[in-house]
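Okay, structure incoming, though there's no sequence with it:
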């Protein structure tokens, strides 16, 4: 199918009757050619390579006239538009910048990458989350929020890992809590409800029970009772220069603990 170099033109009828048969013949040929070309175009055989740039205006296209299967572009940057809401089965990309990515839309729980604040976050709900974000000196910092309030910050501040807030954790099903407290420096205290709630899994006893069996510093132990010290009581021991003494053992005694 030929492509028109210019649109066919139909000349006005000749005034000479002798030229009329040739005119009618040429008119029939031109009309037939135009009909075939029009049918060819309407059947979807138009080649976009033969359309001059900017020669088709979008306002002249019927809605839905151009479908994705009819379009081929080397890069999506060839299309200038707000792509809106796109639903896709698989997107493979080499680089992506300035984007918000989440595992769920407007729902919890979810994980997300957020270009605002450079956050990597995991949310149980809107008020409870764990985030990795730039710290006070731009170092990566792990931040916990409980009920919307800051509960713990972990980060390599000042060259060491420091706790920068108060962490309150329930100990099992007990009503007491374990509190780690610090300021802007290293950990300075650990508070527990009682030593009886601090338990060794391996020994199966609490710290309070273990301490109760130990001696108290500065106090004397109970009487140890008498002992033979390895020598049978009543044994006669010779004395240098003559005579002997009878061994009565070690009497009852105690010791002061240091």
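It's in. Since the model is a prediction, treat every value here as computed from it, not as a measurement.

Just give me how far stretch 135-151 sits from the chain centre.
Centre-to-centre, stretch 135-151 and its host chain are 14 Å apart (Cα atoms, centre = their mean, to the nearest Å).

Averaged pLDDT, it. What do you get?
Mean per-residue pLDDT for stretch 135-151: 84.

First-to-last residue distance for it?
End-to-end distance for stretch 135-151, by Cα to Cα, to the nearest Å: 15 Å.

what's around residue 211, how many residues?
By other Cβ atoms under 10 Å, 10 other residues sit near residue 211. (Each C-beta comes from the backbone N, C-alpha and C, glycine too.)

ditto for residue 105
Per other Cβ under 10 Å, the neighbour tally for residue 105 reads 6.

On the pLDDT front, check it for me.
The predicted structure scores residue 105 at 90 on the pLDDT scale.

Assign a three-state SS to it, would you?
Residue 105 falls in the coil class when you classify it by DSSP: H, G, I helix; E, B strand; the rest coil.

can you check residue 77 too?
Per three-state DSSP, residue 77 ends up helix.

I'd like to know how far it sits from residue 234.
Applying Cβ to Cβ, to the nearest Å, the value for residue 77 to residue 234 is 110 Å.

just residue 197 next, same as before
54 Å.

neighbour count winner among the two?
Taking other Cβ under 10 Å, residue 197 and residue 234 do not tie; residue 197 has more neighbours (16 against 10).

So what touches stretch 205-219?
Applying Cβ atoms under 8 Å, 6 or more residues apart in numbering, the contact partners of stretch 205-219 are 194, 195, 196, 197, 198, 199, 200, 203, 221, 256, 257, 258.

wait, stretch 79-95
Identification of contacts with stretch 79-95 by Cβ under 8 Å, 6+ apart yields residue 73.

check contacts around the residue lying closest to residue 251 once chain neighbours are set aside.
Excluding the flanking residues, the one nearest residue 251 by Cβ to Cβ, 6 or more residues apart in numbering is residue 226, at 5.5 Å. Applying Cβ under 8 Å, 6+ apart to residue 226 gives the contacts 249, 250, 251, 252.

Adding distance to residue 239 and secondary structure as columns, could you present the residues you listed in a markdown table?
Below are those laid out as a markdown table (distance: Cβ to Cβ, whole Å; DSSP: H, G, I helix; E, B strand; the rest coil):
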| residue | distance to residue 239 | secondary structure |
| --- | --- | --- |
| 249 | 18 | coil |
| 250 | 19 | strand |
| 251 | 21 | coil |
| 252 | 26 | coil |
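
Between which two of these is the distance greatest?
Maximum pairwise distance in these, criterion Cβ to Cβ, is 10.2 Å, between 249 and 252.

who's more crowded, the two?
For residue 249 versus residue 252, neighbours defined as other Cβ under 10 Å are more numerous around residue 249 (14 against 10).

Report the secondary structure state of residue 39.
helix.

which among the contacts of stretch 205-219 end up buried?
Among the contacts of stretch 205-219, those classed as buried by 16 or more other Cβ atoms under 10 Å are 197, 199.

Dump the contacts of stretch 205-219 to a markdown table, plus secondary structure and pLDDT.
Formatted as a markdown table, these follow (DSSP: H, G, I helix; E, B strand; the rest coil; pLDDT from 0 to 100):
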| residue | secondary structure | pLDDT |
| --- | --- | --- |
| 194 | coil | 78 |
| 195 | helix | 82 |
| 196 | helix | 83 |
| 197 | helix | 78 |
| 198 | coil | 81 |
| 199 | strand | 79 |
| 200 | coil | 79 |
| 203 | coil | 80 |
| 221 | coil | 70 |
| 256 | strand | 71 |
| 257 | coil | 66 |
| 258 | coil | 63 |
